[in-house]
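Engineer: Here is the input, now give the coordinates:
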Amino acid sequence: MKVDKTTEPLREQIDRIQIIDTHEHIPDEAVACANRLGFFGLFEHYVSSDLVSAGMPRENLEALRNPDNGLTPQHRWALMADWWPYVRTTGYGRAMLEYLRELFGIEDVTADTVLELCRRINEARKPGWFRTVLRERANIDKALVIRWPGQSVEVDRELFRAVPILDHYAMPSTRADLAELEKESGHSIQTLDQLMNAQEERLESFIAKGIVAVKLFLAYQRTLQVDCYTKIEASRVFDRLWLSQKIDLTLQDLKPLQDFMTRRLIGLAAERGLPIQIHTGLQEGNGNNIENSKPTLLTGLFFDFPDARFDLFHAGYPWSGEVAALAKNFANVYADLCWMPAVSPAFMARVLDEWIETIPANKILAVGGDSNYVEGAFGHCTIARRVVSDVLSRKVAGDYLTSAEAHWLAKRILRENARELFRLNQETVE
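Structural biologist: Next up is the predicted model:
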């Protein structure tokens, strides 16, 4: 959108807002700095998936991002060069080009620039880089970072708050899986009660370390339809599972246990005031079952847990209208645009424009990078900020909002809504 005298002050105001980023996968800084692949260390997700979708053999992808095969940057580039033109125009590709340009001064990736790009990335990644990128360049106050099963939830609290994935306690499918949970929890798990106790104790230990929400990852593994089963029904499945030495239970066999334990986690989180973040819509990667992740599959949970607060991720892409309807109907449902700046800025703009008109202003969360890298977080959040500015400027130009209302709304959807939902506004100064 062209900047004119009407929109420029709003852009400046929005640029000054210290945003709360609702969703990232950024590792500890020491882990990121240890990655010496440079540009090719940025292919754990997103552009890598588009390359495969465009037809690049998966063995090429695995080779270019393998740190131990001794390939030079030029050899790695040759593995992807034929497919790069097809993905540099997608949302993923444009987001990558933006952060490479803004952070490393490289306008495009070619055979002539890739070696220098790798050098600049490796040179930049040293202690203090996270603060430079997130706080000084992206103007992010706090980013909520996912912690996978087995990962520590202790994070740099100047920049981050942790959100653990805990639904793996609902997802064991063999006795070997139970053994892994025993190892993680430090407790024997031979009965459903012991599984329940291990899940609760794990949650309590994370709360003591300052987590601000829990994450449900179900949609990558199964449907989001979480039905109500009794403890007796769940116990029968657990007993079959305990006796199993191999994968011989189907997803349908396991569903009573999975649903019972998932609902129990939601209840535990609600009792402790923790929001539940849920993946809805498009799954990252290739070959996923998109029907598993329809937002309306969750409707029963919203009825059954009125005291829980649900943060529905990714605008439910492509079902953004369903997310809007759910957030409009249920006081305990929030609509989150995280990841959408990278998937499609145009989609994000269209949806935000619609959501402003359909969802109460305190329930829209407009920014979350959903990246494995601080560089990606910078790029995606910069795009999100720009989209918000463009949408609100059009609302002002069309007399839907006054300039004062647009500035107030920008602060709500970029910062204050997340501060309130995750109770960051109740934290004492550390």
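Engineer: Can you give me the pLDDT of the residue lying closest to S344 once chain neighbours are set aside?
Structural biologist: If the residues on either side of it in the chain are set aside, S344 comes closest to G91, at 4.6 Å by C-beta to C-beta, 6 or more residues apart in numbering. C-beta here means a position set from N, CA and C on the backbone, and glycine is covered the same way. Among the per-residue scores, G91 holds a pLDDT of 98.
Engineer: hang on, isn't G91 packed against P345?
Structural biologist: Yes. Using C-beta atoms under 8 Å, G91 makes contact with P345 at a distance of 6.4 Å.
Engineer: Can you list the low-confidence ranges for the stretch 51-200 of the chain?
Structural biologist: Confidence mapping of the stretch 51-200 of the chain against pLDDT under 70 gives zero matching residues.
Engineer: Tell me which stretches of it form strands.
Structural biologist: Counting by DSSP state E, counting those that start in this stretch, one finds strands in the stretch 51-200 of the chain at the ranges 140-147, 160-164.
Engineer: any chance of these in a markdown table, plus mean neighbour count and distance to R272?
Structural biologist: Compiled in a markdown table, those are given as follows (neighbours: other C-beta atoms under 10 Å; distance: least, C-beta to C-beta, whole Å):
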| stretch | mean neighbour count | distance to R272 |
| --- | --- | --- |
| strand 140-147 | 23 | 17 |
| strand 160-164 | 23 | 13 |
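Engineer: For P27, find the nearest of those.
Structural biologist: Ranking the strands of the stretch 51-200 of the chain by proximity to P27 (C-beta to C-beta) places strand 140-147 first, at 8.4 Å.
Engineer: burial measure for R137, as a count.
Structural biologist: 17 (other C-beta atoms under 10 Å).
Engineer: Chain neighbours aside, what residue packs nearest to it?
Structural biologist: On the basis of C-beta to C-beta, 6+ apart, the spatially nearest residue to R137 that is not a chain neighbour turns out to be F378, at 5.7 Å.
Engineer: buried sites along the helix or strand in which that neighbour is found?
Structural biologist: Element membership of F378 [criterion: DSSP states H and E] is helix 374-397. Buried positions in helix 374-397, judged by neighbour count with 16 or more other C-beta atoms under 10 Å: 374-396.
Engineer: which ones are touching Q151?
Structural biologist: P164 (C-beta atoms under 8 Å, 6 or more residues apart in numbering).
Engineer: ok, it to A63 distance?
Structural biologist: In this structure, Q151 and A63 are separated by 27 Å, where distance is defined by C-beta to C-beta, to the nearest Å.
Engineer: go on, D353?
Structural biologist: Distance check for D353 against A63: by C-beta to C-beta, it reads 43 Å.
Engineer: Repeat that for Q221.
Structural biologist: Q221 is 28 Å from A63, by C-beta to C-beta.
Engineer: cool, and D336?
Structural biologist: Remark: distance between D336 and A63 (C-beta to C-beta) = 35 Å.
Engineer: And F206, by the same measure?
Structural biologist: For F206, the distance to A63 equals 37 Å [C-beta to C-beta].
Engineer: Stretch 417-430: which residues count as buried?
Structural biologist: Of all the residues in stretch 417-430, those buried under the rule 16+ other C-beta under 10 Å are N417, A418, R419, L421, F422, L424.
Engineer: Wait, a helix at the first one?
Structural biologist: Yes. Checked against DSSP: H, G, I helix; E, B strand; the rest coil, N417 lies within a helix.
Engineer: ok, it - contacts?
Structural biologist: Under the criterion of C-beta under 8 Å, 6+ apart, the neighbours of N417 are Y334, A361, N362, K363, I364, L365.
Engineer: Name the nearest residue to the third one, ignoring sequence neighbours.
Structural biologist: Closest residue to N362 in three dimensions, ignoring its sequence neighbours and counting by C-beta to C-beta, 6+ apart: N417, at 5.7 Å.
Engineer: one step back: would you list the strands of the stretch 51-200 of the chain in JSON lines and tack on distance to R16?
Structural biologist: As requested, those are arranged in JSON lines below (distance: least, C-beta to C-beta, whole Å):
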{"stretch": "strand 140-147", "distance to R16": "12"}
{"stretch": "strand 160-164", "distance to R16": "22"}
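Engineer: closest one to A349 among the ones you listed?
Structural biologist: In terms of C-beta to C-beta, the element of the strands of the stretch 51-200 of the chain nearest to A349 is strand 140-147, at 20.8 Å.
Engineer: Measure how that closest one sits relative to strand 160-164, angle-wise.
Structural biologist: Per axes from the mean of the first three to the mean of the last three C-alpha atoms, to 10 degrees, the angle that strand 140-147 makes with strand 160-164 is 30 degrees.
Engineer: Can you name every helix or strand that strand 140-147 contacts?
Structural biologist: For strand 140-147, the packing partners by 3 or more C-beta pairs under 8 Å, 6 or more residues apart in numbering; DSSP states H and E come out as strand 19-24, strand 160-164, helix 374-397.
Engineer: Inside helices: which ones of the contacts of N417?
Structural biologist: In this view, these have no member that belongs to helices under DSSP state H.
Engineer: circling back to that earlier point, can you pull the contacts of the residue nearest to S344?
Structural biologist: By C-beta under 8 Å, 6+ apart, the contact set of G91 is P341, A342, V343, S344, P345.
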